[in-house]
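Q: Here is the input, now give the coordinates:
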Amino acid sequence: MTEKRVAVITGGASGIGKETAFKFASKGDRVVVADFNEQLGEETVAQIIADGGEAIFVQTDVSNYEDVESLVQKSVDTYGRIDVMFNNAGIGRLTPVLDQDMKDYHAVINVNQHGVAHGIIAAGKKMRELGIKGVIINTASVFGFLASPATFAYHASKGAVIMMTKSAALELSVYGIRVVAVAPGAVDTPIIQGYKDKGMIDDMKSKVMGNKLTQPEQVADTVYLLSLPEASAINGSVVMADEGFASFK
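A: Got it, this is the predicted structure:
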């Protein structure tokens, strides 16, 4: 009998991360939900268990490498392995570039960029140590390719995720570890609340084929597909899960 996979998901308490945790668990994988928000993280795990899945919660600040390293070790201590690392945790601040508060700028970079770097390094080291040919999946964004007003720090962080994905894939391929990224577009999650507050949602919808927001479950499906052995030829790539946002204007 093949041993169940173990998937670690940062930002797993809400939005894309939460739906991805549900997706992996529904397919029989064991899930480690990592998030800064303890209450929502525990609620996510409770729902997975109630639905018959296996999961634990580990409170994690991805901007701190030691936290991410501890997360990976806790996952291995609990389940004996790590097969999938989904570096998904992210935040956003909607601010015009010349009004940028540098504390907000660094907060976005520390979570979205450094958090992904920490996950790649910590998970990659553990997979190499255990001889596991795993997959590391990073959440990029269409905003890693396209400019949008008042999103300076977010653009910088997601552009970095794209290049870190390519760089890590090149180096980790010798260990049989794949590194890929998924690039969502206009997804209906809490991170776009700033756009809602400013009445910008209709404009955002108009930039998507079908004139609608992508649901987080759709991105979760894409992440799951990328994790499968059948996706083994996809490496170092950014897979667009944007319903045409980057192709249609």
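Q: so where do the helices sit in the chain?
A: Along the chain, counting by DSSP state H, helices occupy 15-26, 38-50, 65-79, 102-108, 115-130, 152-172, 193-197, 201-205, 216-227.
Q: okay, those helices in a markdown table with distance to Ala7, mean neighbour count and mean pLDDT next?
A: Glycine gets a C-beta too; all of them are placed from N, C-alpha and C. Below are these laid out as a markdown table (distance: least, C-beta to C-beta, whole Å; neighbours: other C-beta atoms under 10 Å; pLDDT from 0 to 100):
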| stretch | distance to Ala7 | mean neighbour count | mean pLDDT |
| --- | --- | --- | --- |
| helix 15-26 | 4 | 26 | 98 |
| helix 38-50 | 11 | 17 | 98 |
| helix 65-79 | 9 | 18 | 98 |
| helix 102-108 | 25 | 15 | 97 |
| helix 115-130 | 11 | 21 | 98 |
| helix 152-172 | 17 | 20 | 98 |
| helix 193-197 | 27 | 13 | 69 |
| helix 201-205 | 30 | 13 | 78 |
| helix 216-227 | 7 | 21 | 97 |
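Q: so which of these comes closest to Met240?
A: helix 216-227 (9.0 Å; C-beta to C-beta).
Q: got TSV for the helices of the chain, with distance to Ile136 too?
A: TSV is the format used below for these (distance: least, C-beta to C-beta, whole Å):
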stretch	distance to Ile136
helix 15-26	14
helix 38-50	21
helix 65-79	11
helix 102-108	21
helix 115-130	6
helix 152-172	7
helix 193-197	28
helix 201-205	29
helix 216-227	10
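Q: Does Ser157 touch Ala117 like I think?
A: No - using C-beta atoms under 8 Å as the test, Ser157 is too far from Ala117 to be in contact (10.6 Å).
Q: out of everything not next to it in sequence, what's closest to Gly236?
A: Ala169 (3.4 Å; C-beta to C-beta, 6 or more residues apart in numbering).
Q: same question, Gly176
A: Per C-beta to C-beta, 6+ apart, closest to Gly176 is Lys133, 3.4 Å.
Q: How about Gly159?
A: Nearest to Gly159 is Gly144, by C-beta to C-beta, 6+ apart, at 4.8 Å.
Q: What is the linear distance spanned by stretch 124-142 between its boundary residues?
A: 25 Å (C-alpha to C-alpha, to the nearest Å).
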